[in-house]
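> Sequence first, predicted coordinates after that:
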Amino acid sequence: MAKPAPSPSKPFASQHPTWCPGCGDFGIWNALQRSLRRLKLKPDQVTFVFGIGCSGNMVNFIKAYGFHGLHGRPLPVAEGIRLANHRLPVIVVGGDGDGLGEGIGHFLHTARSNPNITYIIHDNQVYGLTKGQHSPTAERGFISPSAPLGVQEEPVNPVALALASGASFVSRGFAGDVAGLEELVVRGIQHEGFALVDALQPCVTYNWHNSYHWYYQRVYNLDSVGHDSKNFVAAWERAQENMAEKIPLGVFYARSRPTIESQQPALARRTLVEQQPSQPIDISKLLTPYQ
Amino acid sequence: MDSLEVFNWKICGVGGSGLQAVSNILGRTLVRGGYSVHVYDEFPSIIKGGLSTGQVAVSSRTIRSHRTTVQLLVCLTEESIKLHAGELSPNGWLVYDSDVVSGAPMVRPDVVSFGVPLTSITREIGAERLLRNTVALGVTLDLLGYPLTDTKKIIAAEYEGKGHQLVEGNYRALAVGAEYAHAHAPKKFPVALHQLHNPQPRMLIPGNDALSIGALAAGCSLYVAYPMTPSSSILTYLVKHGPDYGMVVRQLPDEIAVINQAIGASFAGVRAMVGTSGGGFSLMVEGLGLAAMTETPLVIINAQRPGPSTGLPTWTEQADLRFVMHASQGDFPRVVLAPGDPNECFTIMPLAFNIADRYQTPVIVLTDKYLAESWFTTEPFSLSGVKIDRGQIVKRGKVDEQTGMYRRYADAPSGVSPRPLPGTPGLPFMANSDEHDQFGLSNEEADVRITQQNKRLRKIKGIAEELPKPSRYGPKLADLTVICWGSSKGPVLDALDLLAADGLTVNAVHVQALSPFPTQEFRNLVSPAQRTVVVEGNAAGQFAGLALEQTGIELADRILRFDGRPFEPTELADAFRQRVK
Ligand SMILES: Cc1ncc(C[n+]2csc(CCOP(=O)(O)OP(=O)(O)O)c2C)c(N)n1
Ligand code: SF4
Ligand SMILES: [Mg+2]
């Protein structure tokens, strides 16, 4: 086991991360620790769900309850956890390949159903863990080991996709801006519903194009231009900005809307897990229609 | 009529015209009267149009399956006469809608044709066309000399939610049908049914409803699914009744979301179940292994239909056995249970949940269209002997000093280690699809891999001890031993009864738990057999191959069926007879 990560500034650290030195995942990991501490949450109070990827390897660097499932499938697991226990704060950590390639259907449908979870996408334009193939967010022309002539498809725009899918909280952060990312994660957790944090994350090993420097030249904060996060049309316009030129960071859109948990009659008073019976349920009433 | 004195009624018409409902009402009427009944529907994979049939087999002796020979055939269209009149028994009766059939129908000379102007009768009483079925039901009951009282009660209960007018309309349709038959029947119908003396309360229920009620009894509290015939009625049943019992029931966008959501809920501590058919199960395969690797309890129902691919969507087959019992990568305990009738469907659910929880592993329940959607007569389900055992869920424990994490996957002799639920104070851990150490942290060291893999696989031993053993039906010594599994049970047992009436000694072995395979018990039952024949609904003899692999017993003689139709007992009895003569 790698040596334990420094405590108590990082109460949620289990082992020291094994990401490549300089990887943007460190920034996201730090921002997560800081936001959880700021919210005064303890490791046994939070449940993480991880995708598969360098990002999902955070399963080994976080101390909390957690589930490291299948590539592309963390969102339905997270929704299931919320239905079982709607008092647990649930945070999903996954890659752009995981969430926008393999699992893009879940992205759209989970935005629609609006469970109260915070979803952090490590958006690095590559499949880090499988050695640098392009991901669905890679720009057209991006050269990767599996696209030697350059990517031929348009990139997925996670912010626009979330808006179009009815997501109730849509934001974008940058691993090189830990304080800004911390703020977004805090707001995401506080938001009652599906909260997307698209975290731009330099992969220093496989993505030499979208480097820290490249991002620093382009990012700006939505607050600095007086963006109104209640205005869907404005959010949509900001989401369409050409990333090659300008990259807005911050909360694009937030509104309150019923969560899927809040609409289940069975969860009106207590959590499902609190209601687990220890004796068989009397089903005799159900038998009469068959007689 | 065969030696079990089965009366078989069949109604044919256009799909989506309520044939299933009317068969069901006739079936329940006769179950109330003390008869043993089996209701079987066939329908094409389209909603309206195409020809559908509903059939009701009735006997004062126990029957567990349908029959192909028909004594009373009701045809609502001209085409259905052409298609089905050949199924009539010698001197059988054809009742047809004389408003839609031009001239006298072309049938065998021994058949009694009775034209009833069903359309105009229905119109005259101002009822909508669908009620032709109820008029035909009235005709049927009158021909049988059977009172209308129970039928009216069932109609009232069935339609009361949909309005008084509908109930009244059905009453009238029933009465005019009976009156018409009374006044115009060409002669006395050869079969008479009457309410049997002092009937025991029994139910007429399809396998899917029995599974659903079993799951509710077992405290299942989350069911998620994506519709797929023939599993869909579990979803519609539980959506309707589950919330009264505190259940969360949802239709999700696809089967991958389904299994992952159920796994998430189960990880968080609730009894969760999913249901599908082979196509949807294919999408769940990776999730199946995930449940095993993370040691998360889960119950998965696969109601089989013929494949490959979309196959014959509304027909039956038993050809997913090898698929489900080997599905997903790697080695892990595969638990596959195949109930043979609705009572076994009901009782297997609490067992499936208890095994899933106690061994922290997925359990597959395998049925098929025939069992899932046909209606069988059964004793009312009983909760006696039903227990809820959630296995080892811990609220307190020691954590590792260095990591502060709980040893969720600590090695254990039984393979099962206690699990805390997320949110429990002080016991954080990771459930990890990567191979992992005792805390659930990813670990690729050889000794950790071996320890964890052995831990998971060791569960098989305990599970095997708890599964239902193969059952023998009929005499201990017999000239022929019929071996079957899952839903073939009903037709096989009915065939045995037919042969017993002929004085032939044939017995049957029915296997409910298919994986882990009950090797010793199966050997004990089958080794002494004089002669064996396997009856199963697939082309490859999947079970026969499995039995050979698991027991070394070669079962070369096989009756296989893969035309989408279920086995039929009189045909089976003939096939068995040939083998013992
Ligand atoms: C079903 C399935 N397909 C493929 C893989 C192999 N795989 C593992 S991680 C990964 C891509 C990871 O990329 P991303 O989600 O962007 O995460 P990153 O490593 O960039 O953080 C792939 C293709 C897998 N584990 N499962
Ligand atoms: S490969 Fe890229 S994403 Fe993965 S750890 Fe290294 S730098 Fe980070
Ligand atoms: Mg990536």
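Here it is on my side, so go on. Ligands and ions are numbered 1, 2, ... in the order given.
> going forward, measure contacts and count neighbours with C-alpha atoms only.
Fine.
> what about B:R558, how many neighbours?
B:R558 sits with 17 neighbouring residues when counted by other C-alpha atoms under 10 Å in any protein chain shown.
> my read: it touches B:G541, true?
Yes - using C-alpha atoms under 8 Å, B:R558 is in contact with B:G541, at 7.1 Å.
> ok, which stretches of the stretch 51-200 of chain A are helices?
Remark: helices assigned in the stretch 51-200 of chain A by DSSP state H, counting those that start in this stretch are A:74-84, A:96-97, A:104-113, A:158-164, A:178-190.
> quick one, which of these is nearest to ligand 3?
helix A:96-97 (4.5 Å; C-alpha to the ion).
> How about residues contacting that closest one?
A:72, A:103, A:121-127, A:135-137 (C-alpha atoms under 8 Å, 6 or more residues apart in numbering or on different chains).
> what do you get for stretch B:132-140?
B:18-19, B:22, B:26, B:74, B:118-119, B:121-122, B:148, B:170, B:173-181.
> Now intersect these with the strands, please.
Residues of the contacts of stretch B:132-140 located in strands (DSSP state E): B:V74.
> Show the buried residues in the contacts of stretch B:132-140.
In the contacts of stretch B:132-140, burial by neighbour count holds for B:18-19, B:22, B:26, B:74, B:118-119, B:121-122, B:148, B:170, B:173-178, B:180-181, counting by 16 or more other C-alpha atoms under 10 Å in any protein chain shown.
> Show only the entries of these found in helices.
In this view, these that belong to helices under DSSP state H are B:19, B:22, B:26, B:118-119, B:121-122, B:170, B:173-178, B:180-181.
> Among those residues, which one sits closest to ligand 3?
Of all these, ligand 3 sits closest to B:L19, with 54.8 Å by C-alpha to the ion.
> What pLDDT is listed against whichever residue of chain B sits closest to ligand 2?
Ligand 2 sits closest to B:S442 of chain B, with a gap of 15.4 Å, by C-alpha to the nearest ligand atom. B:S442 is assigned 98 on the pLDDT scale.
> Then B:I47?
66.
> Please apply the same query to A:P4.
With respect to pLDDT, A:P4 scores 58.
> try A:S9
77.
> what helix or strand is it on?
When elements are assigned from DSSP states H and E, A:S9 belongs to no helix and no strand.
> so what's it up against?
Applying C-alpha under 8 Å, 6+ apart to A:S9 gives no contacts.
> for chain B, what are the nearby residues on the stretch 101-250 of chain A?
Counting by C-alpha under 8 Å from any C-alpha of the partner chain, the stretch 101-250 of chain A comes close to chain B at A:106, A:109.
> So, low pLDDT: which residues of the stretch 101-250 of chain A?
Along the stretch 101-250 of chain A, segments meeting pLDDT under 70 are nowhere present.
> Spell out which parts of it neighbour ligand 1.
Proximity of the stretch 101-250 of chain A to ligand 1 (C-alpha under 6 Å from any ligand atom) is limited to residues A:122, A:124, A:126-130, A:135.
> For ligand 2, tell me which of those show up nearby.
Answer for these near ligand 2 (C-alpha under 6 Å from any ligand atom): A:128-129.
> quick one: which of the residues of the stretch 101-250 of chain A next to ligand 1 sit in strands?
Among these, the ones falling in strands (DSSP E) are A:122, A:126-127.
> which among those gets closest to ligand 1?
Within those, proximity to ligand 1 (C-alpha to the nearest ligand atom) peaks at A:Y127, which comes in at 3.4 Å.
> hang on, the closest one packs against A:T137?
No - using C-alpha under 8 Å, A:Y127 is not in contact with A:T137, being 10.4 Å away.
> So which of those two has more stuff around it?
The neighbour count for A:Y127 versus A:T137, taken as other C-alpha under 10 Å, is higher for A:Y127 (24 against 20).
> and the closest residue in space to that one that isn't next to it in sequence, how many residues sit next to it?
Of all residues not flanking A:Y127 in the chain, A:Q133 sits nearest, at 5.3 Å (C-alpha to C-alpha, 6 or more residues apart in numbering or on different chains). Residues lying near A:Q133 (other C-alpha under 10 Å) number 21.
> A:Q133 and ligand 3: what is the separation?
9 Å (C-alpha to the ion, to the nearest Å).
> Equivalent analysis for B:A156, please.
Counting by C-alpha to the ion, the gap from B:A156 to ligand 3 is 61 Å.
> which one of the helices of the stretch 51-200 of chain A lies closest to B:P109?
Among the helices of the stretch 51-200 of chain A, helix A:104-113 comes nearest to B:P109, with 61.5 Å by C-alpha to C-alpha.
> ok, for A:G132, nearest residue in space, not its chain neighbours?
A:Y206 (5.0 Å).
> my guess is that neighbour contacts A:L129, does it?
No - the pair A:Y206 and A:L129 does not pass the contact test of C-alpha under 8 Å, sitting 9.9 Å apart.
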